[in-house]
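Peer 1: Pasting the sequence and the predicted model now:
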Amino acid sequence: MVGPLLPRQHRLCRVGLANEAERVPRLVDLSDSGPLLIGADSRLCSATDNPGLTQRWALALWRHPARPDGLFYRARHDPTCLSIALFDRADHLVVADGAANLLANLDQLLAILRRYQVGLIP
């Protein structure tokens, strides 16, 4: 267990650029008018009525000749937050600090729970 409440497989860690990264990841910006610019709409980032839609678009963008490294979009459950999904070809550009589990930090965990007004049940 990580702390008294969280199993080991749940981890929230910091991700940053790898020291040897030759550039920052190139991302398709879907956060504001981005979907419109590629012929889509906001369902692209939240398509719950058509679960295959987002996967088909992600594959099409992965296959694009510009070879983007990932997607930049508004989080589905909290549109005030921005998210990044990286494609496998970008794995050498970033590194995760898996040793520092932010959820094991009680202050950090409580801040997250307060923000979303939720709790944990053991």
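Peer 2: Received, thanks. Numbers count the residues shown, from 1 in each chain.

Peer 1: how about residue 21, secondary structure?
Peer 2: Assigned state for residue 21: coil (three-state reduction, DSSP: H, G, I helix; E, B strand; the rest coil).

Peer 1: Could you count how many residues lie near it?
Peer 2: Residue 21 has 14 neighbours, counted by other CB atoms under 10 Å. Quick note: C-beta positions are derived from backbone N, CA and C, even for glycine.

Peer 1: Not counting its neighbours along the chain, what's nearest it?
Peer 2: Among residues not flanking residue 21 along the chain, residue 93 sits closest, at 4.5 Å (CB to CB, 6 or more residues apart in numbering).

Peer 1: so where do the helices sit in the protein?
Peer 2: 34-37, 51-63, 106-116 (DSSP state H).

Peer 1: Can you tell me which of the ones you listed is packed in deepest?
Peer 2: Burial of the helices of the chain is given as mean neighbour count (mean count of other CB atoms under 10 Å); helix 34-37 ranks first at a mean of 15.

Peer 1: any idea how far the closest residue to residue 14 other than its chain neighbours is from residue 11?
Peer 2: Excluding the flanking residues, the one nearest residue 14 by CB to CB, 6+ apart is residue 97, at 4.8 Å. Distance of residue 97 to residue 11, given as CB to CB, to the nearest Å: 10 Å.

Peer 1: Which residue of those two possesses the greater neighbour count?
Peer 2: Using other CB under 10 Å as the criterion, residue 97 and residue 11 rank with residue 11 on top: 16 against 11.
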